[in-house]
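>>> whatever this is, show me its structure:
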Amino acid sequence: MILSDRPILFFRLIAVLTGFGLLFGAMMPSPKSGNPEIQAWFTNKAATLKSEMQTLLEMSEAAESNREALKTQHTRCRMLYKQLEVFAGYFTDVTEKELNGPLLFEVEEADPLKQEIPPQGLQYIEELIWEGNDSSRPVLQAEIRRSIHAVTKLHQLCASQPIAAWQLSEAMRLQILRLMSTGLNDFDSPYAGNGLNESAASLDGIKELCSLSESQWTEYGFRKQKKLIRLLERSILKLRYTKDIEAFDRLDMIRNYLDPVYGLLQEAGQLVSMDAVILPSAINPSETSLFAKNALDPYYFSSDYGNTSRNNPKLTELGRYLFFDPVLSGNGKRACASCHKPELAFSDGMAVNTTFNFEGELGRNTPSLLNVAFQRSFFWDGRVSSLEEQVHDVTLNPDEMHGNFDSLVYRLRQSPEYVQLFKEAFPNSRMSDITPQAVQAAIAAYEKTLVALNSPFDQYLRKERKELPREVKDGFNLFMGKAQCGTCHFFPLFNGTVPPHFRKTETEVLGIASDTSNMVLDPDEGKYKKTLANLHRNAFKTPGVRNLARSGPYMHNGKYPDLESVVAFYDAGGGAGLGFPVPNQTLPEDSLELSDYEKKALVRSE
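From the prediction side, this is the model:
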């Protein structure tokens, strides 16, 4: 399988949190003042978008409004927003969400009333224009007015926010990642299907930004800039003049166009050394490819970012000993590795494992721990937010480890070997005396090294491998296109952690069966047990699909024995597509209408 690392390689990612390089060399002012030309560019774009949105509103209010004209005007607004997304997506999550929120109702987990927040922004307006009727016209007009208010806020921010060189450099590189992960698969344009044209518009904006102060580049920087602009122009042409969207080669676009653009932007940022504000980031700013072995930093996702586990091989080694030692369990017979086996991608090969006393079964499937650090929530229902909390819960769970931290600490303190290991792992720390927190930190530190981002797929994308099988390439293009897998399993990690900022790990409602032979809906309420929000009933965390061939059976209950059955389930439109009553299903219920070859190619690519 092309996303599988074999053999498993354990390597530690070292975050290189140095200052971000300048994008435009000597032409950029100091970070404090920003570049007035760049700021004016964004401000003018925002003003134009506001004007075009006002035109859209007036068209929707006209007595004889024409739906095709509304579609054309909406598309014009979308193209402008995609050029502003570099700014909006970097400086303000709120305004970006107000203008480009997904077509899903959401709930703030901290809200005691669990009020459902409706979709908003240009995607919702798209749905109302493409799918609406005369009765929905007032809703459309109200949403356009609300969006105009959001654009007004964005315009004010553009006019007041100085943009330092390092900020623009990072913002544009993040935008390239955004295009790779969601731009090429119509994630933002589900009804109009304008993902490729919108990506081209975004690259157009980046090209204009790179050209603004051409005369001030150094000789070396000038050559780099010209190369970058030529590559951007070729990328735009490839996107804009694609005739058959289903035949579009997204893999080629990423490997030979977008990732090289990312690399040139990074090289340009390193032309002139200058101090910048050091910000935590999931992406290693010194790497010129998003597919370099240490391009992504697992420590960024930790609740204790910058903790002692980084660059601490003694702590990692202690965690490895504890992971494979049954000392954590109540009877001294079950270790973490009993259910997370290295040869099975740190899963167990069972639909569900047995309970601690072997008198029953656990309620859920044992997930793989490869790349486990690259997420913001843990367990199938996402009920904890750190690996340390996960270790705590599993250890104490009577059906899993049935452990007790007081007795565990006592046993570890009786072992001279462990006493020495803890002292070496936690020098000059109270946790060297062996505490429950130290045990959790050590195992979590080991799990952060279970990184598997060196598959043939990764090697191909970073051009260490010249070719991939045709079926695998087709499978990836289906994954990111027609099959819509990439709208939930986000590229490049292929899990539910949302790029480019990686601040949230999503859950989905799929309508999973508890009995696939009789097609009975699983009664497990999933995330609802944590939040008590109806939208989260039967919601489960989106797992990673790397190394998937070794981590079956599949789904939270392990009821799907092989990848073929998983693909068939999605092809049918999930539970709702199969006829289950799943009113809050987040997966589209329409059939994907995949051919036999396409299903086979998807399985091969995973």
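>>> only C-alpha atoms from now on, for both contacts and neighbour counts.
Noted.
>>> what sits against the nearest residue to Glu593 once chain neighbours are set aside?
In this structure, Glu593 finds its nearest non-sequential neighbour in Asp571, 6.4 Å apart by Cα to Cα, 6 or more residues apart in numbering. Neighbouring residues of Asp571 by Cα atoms under 8 Å, 6 or more residues apart in numbering: 483, 591-594.
>>> likewise for Ala292?
Taking Cα under 8 Å, 6+ apart, one finds Arg462 in contact with Ala292.
>>> from Met253, how far off is it?
Applying Cα to Cα, to the nearest Å, the value for Ala292 to Met253 is 17 Å.
>>> hmm, who's touching the helix or strand harbouring Arg320?
Take DSSP states H and E as the rule and Arg320 turns out to sit in helix 313-324. Residues outside helix 313-324 that contact it (Cα under 8 Å, 6+ apart) are 309, 328, 335-338, 421-422, 424-426, 439, 441-447, 449.
>>> helices and strands around the next helix or strand after it, which ones?
Once the chain leaves helix 313-324, the next helix or strand it forms, by DSSP H and E, is helix 336-339. Where contact means 3 or more Cα pairs under 8 Å, 6 or more residues apart in numbering; DSSP states H and E, helix 336-339 is packed against helix 313-324.
>>> for the helix it packs on, buried residues please.
Applying a neighbour-count criterion of 16 or more other Cα atoms under 10 Å, one finds 314-324 buried in helix 313-324.
>>> show me how far it is from its chain's centre.
28 Å (Cα atoms, centre = their mean, to the nearest Å).
>>> export it to PDB, keeping only CA atoms.
What follows is helix 313-324, C-alpha atoms only, in PDB (Å, rounded to 0.1, in the frame of the first residue of the first chain):
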ATOM      1  CA  PRO A 313      16.000  10.500  24.200                       C
ATOM      2  CA  LYS A 314      16.200   9.300  27.800                       C
ATOM      3  CA  LEU A 315      12.600  10.200  28.300                       C
ATOM      4  CA  THR A 316      11.600   8.600  25.000                       C
ATOM      5  CA  GLU A 317      13.500   5.400  26.000                       C
ATOM      6  CA  LEU A 318      11.800   5.300  29.300                       C
ATOM      7  CA  GLY A 319       8.400   5.700  27.600                       C
ATOM      8  CA  ARG A 320       9.300   2.800  25.300                       C
ATOM      9  CA  TYR A 321      10.100   0.500  28.300                       C
ATOM     10  CA  LEU A 322       6.800   1.400  30.000                       C
ATOM     11  CA  PHE A 323       4.800   0.900  26.700                       C
ATOM     12  CA  PHE A 324       6.000  -2.700  26.400                       C
END
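>>> just to revisit the earlier point, would you mind measuring from the residue nearest to Glu593 to Gln167?
Applying Cα to Cα to Asp571 and Gln167 gives a distance of 42 Å.
>>> how about Pro561?
With the distance defined as Cα to Cα, Pro561 ends up 47 Å from Gln167.
>>> neighbour-wise, which of these two wins?
Comparing Pro561 with Gln167 by other Cα atoms under 10 Å, the one with more neighbours is Gln167, at 22 against 15.
>>> please, which helix or strand holds the more buried one?
Using DSSP H and E, Gln167 falls within helix 165-181.
>>> and that helix, what's buried?
Buried positions in helix 165-181, judged by neighbour count with 16+ other Cα under 10 Å: 165-181.
>>> check stretch 115-127 too.
Within stretch 115-127, the residues scored as buried using 16+ other Cα under 10 Å are 119-127.
>>> just the C-alpha atoms of it, please, in PDB.
Extracted as PDB, the C-alpha positions of stretch 115-127 are listed here (Å, rounded to 0.1, in the frame of the first residue of the first chain):
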ATOM      1  CA  GLN A 115     -27.000  26.000  20.400                       C
ATOM      2  CA  GLU A 116     -26.600  24.900  16.800                       C
ATOM      3  CA  ILE A 117     -24.700  27.500  14.600                       C
ATOM      4  CA  PRO A 118     -25.900  27.400  11.000                       C
ATOM      5  CA  PRO A 119     -23.600  27.600   8.000                       C
ATOM      6  CA  GLN A 120     -22.600  31.000   7.000                       C
ATOM      7  CA  GLY A 121     -20.600  32.800   4.300                       C
ATOM      8  CA  LEU A 122     -19.900  32.300   0.600                       C
ATOM      9  CA  GLN A 123     -20.300  28.500   0.700                       C
ATOM     10  CA  TYR A 124     -23.800  28.900   2.200                       C
ATOM     11  CA  ILE A 125     -24.600  31.600  -0.300                       C
ATOM     12  CA  GLU A 126     -23.500  29.200  -3.100                       C
ATOM     13  CA  GLU A 127     -25.800  26.500  -1.900                       C
END
